[in-house]
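**Q** Please work out how this folds:
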Amino acid sequence: MSERGALRGLRVLMWVVIAVEVPVYLVWLVQVGYLTGQELPRGDIARWAPPVLLPPAAVLFCVMAGWTWWLSVVAGTRSSLRERWIVISLVFIAAFSVFCGVASVDDPSVAVGLLSAAVTGLGMIGLFSPAAASRQLPDVIRRRSRRAAAAPGEADPDPQ
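**A** Below you'll find the model as predicted:
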């Protein structure tokens, strides 16, 4: 298989993974958010918060972090994932998502926690990845592989 075909296959695979993971994760967030909210006392205004706020927050923070990371990769600058606010927002979404997954069941267990962590991780990757699945992916991979192949101390073959 040629390099071009492999890179095209990688992009197609990324989009298939995104198309499957994101809807499953968002439906799961709404469901576990609703069930978690139902655990709060009747009449508590916060009962609506988990199912209404968690899915949009997950989409916003994961997509925003994915795009800022991808733009730094394309530009060849320092990764934005080192910024404290991005890391804190992603950790918050992951922790609250796993918490809702565990709190939404009548009998929480390690298996429920692991399942919640798996669904959260796959969903967050799916939300994070669309920027990287762009048409620029092959160019970035080629540029990075040329940099890695250059001997230490040599000039970058593709300065940008």
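**Q** Tell me how many other residues crowd residue 85.
**A** Residue 85 is flanked by 10 other residues according to other C-beta atoms under 10 Å. C-beta here means a position set from N, CA and C on the backbone, and glycine is covered the same way.
**Q** Does it lie in a helix or a strand, and which?
**A** Of the helices and strands defined by DSSP states H and E, residue 85 is found in helix 84-103.
**Q** Which neighbouring elements make contact with the helix ranked longest in the chain?
**A** In the chain, assigned by DSSP state H, the helix with the most residues is helix 3-38. On a contact count with 3 or more C-beta pairs under 8 Å, 6 or more residues apart in numbering; DSSP states H and E, helix 3-38 meets helix 49-75, helix 84-103, helix 110-128, helix 137-149.
**Q** same question for that helix, mean pLDDT?
**A** Per-residue pLDDT over helix 3-38 has a mean of 87.
**Q** Show me which positions of it end up buried.
**A** Going by neighbour count (16 or more other C-beta atoms under 10 Å), the buried part of helix 3-38 is 11, 14, 18, 21-22, 25-26, 28-29, 32-37.
**Q** tell me the angle that helix makes with helix 110-128.
**A** Relative orientation of helix 3-38 and helix 110-128, computed by axes from the mean of the first three to the mean of the last three C-alpha atoms, to 10 degrees: 130 degrees.
**Q** between helix 3-38 and helix 84-103, how big is the angle?
**A** The directions of helix 3-38 and helix 84-103 differ by 60 degrees, with the same axes, to 10 degrees as the criterion.
**Q** Any idea how far helix 3-38 is from the middle of the chain?
**A** Its chain's C-alpha centre and that of helix 3-38 lie 9 Å apart, by C-alpha atoms, centre = their mean, to the nearest Å.
**Q** Just want the angle from that helix to helix 49-75.
**A** Using the same axes, to 10 degrees, one finds that helix 3-38 and helix 49-75 are set 160 degrees apart in direction.
**Q** and the angle for helix 3-38 with helix 137-149?
**A** An angle of 110 degrees separates the directions of helix 3-38 and helix 137-149 when computed by the same axes, to 10 degrees.
**Q** Cool, thanks, signing off.
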